[in-house]
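Student: Quick one: sequence and predicted model below, then my questions.
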Amino acid sequence: MQTFTINGVDYSLDLGAKSAEKFDKDMGKWIDKATRIGGRHKRSSSKQAPTVSAPRTNKEQLAAIREWARSNGYEVSDRGRIPNTIVDAFHEAN
């Protein structure tokens, strides 16, 4: 079963294997040029390992990262999340 949406209208086609392959190939050239804006995500057929979050950084370390970033030419705000690129650069330098 092939499903697709055009101009806000959902469609489905019950295609045989050959026709489904041709449909996928034909749509593929357009999908490659398109920007995904929503919809379902593909599900993996195998179980994925649970993600492990990084340990939280304490206030002192966050202040040190901000100070280091500013002295090394990075723009970083006084509050809020510090971009991973800056945190990674800090860890590489220290």
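Tutor: Alright, I've got the coordinates. Numbers count the residues shown, from 1 in each chain.

Student: Tell me, how many residues neighbour E92?
Tutor: The tally of other residues near E92 (other CB atoms under 10 Å) stands at 7. In short, each C-beta sits where N, CA and C put it, glycine included.

Student: quick one: contacts for it?
Tutor: With contacts defined as CB atoms under 8 Å, 6 or more residues apart in numbering, E92 has no neighbours.

Student: Do me a favour and average the pLDDT over the helix or strand encompassing it.
Tutor: When elements are defined using DSSP states H and E, E92 is found to belong to helix 84-93. Across helix 84-93, the average pLDDT comes to 91.

Student: so who does the residue nearest to W68 when sequence neighbours are not counted touch?
Tutor: With CB to CB, 6 or more residues apart in numbering as the criterion, W68 has its nearest non-adjacent residue at 5.3 Å, and that residue is F90. For F90, the contacting residues are A64, I65, W68, A69, taking CB under 8 Å, 6+ apart as the criterion.

Student: Next one: F90 from G73, what distance?
Tutor: Per CB to CB, to the nearest Å, F90 is found 13 Å from G73.

Student: likewise I86?
Tutor: Distance of I86 to G73, given as CB to CB: 11 Å.

Student: more crowded one of the two?
Tutor: Counted by other CB under 10 Å, I86 and G73 do not tie: I86 has more neighbours, with 17 against 6.

Student: Can you show me the helices along the protein?
Tutor: Listed in chain order, the helices of the chain (DSSP state H) span 17-31, 59-71, 84-93.

Student: list the buried ones in the last one?
Tutor: Residues of helix 84-93 classed as buried by neighbour count (16 or more other CB atoms under 10 Å): I86, V87, A89, F90.

Student: One more: the first one?
Tutor: Within helix 17-31, no residue counts as buried by 16+ other CB under 10 Å.

Student: Sketch out the low-pLDDT regions of this protein for me.
Tutor: Counting by pLDDT under 70, the chain contains low-confidence ranges at 39-54.

Student: Show me the contact partners of stretch 65-79.
Tutor: Among residues not part of stretch 65-79, those counted as contacts by CB under 8 Å, 6+ apart are T57, I82, P83, I86, V87, A89, F90, A93, N94.
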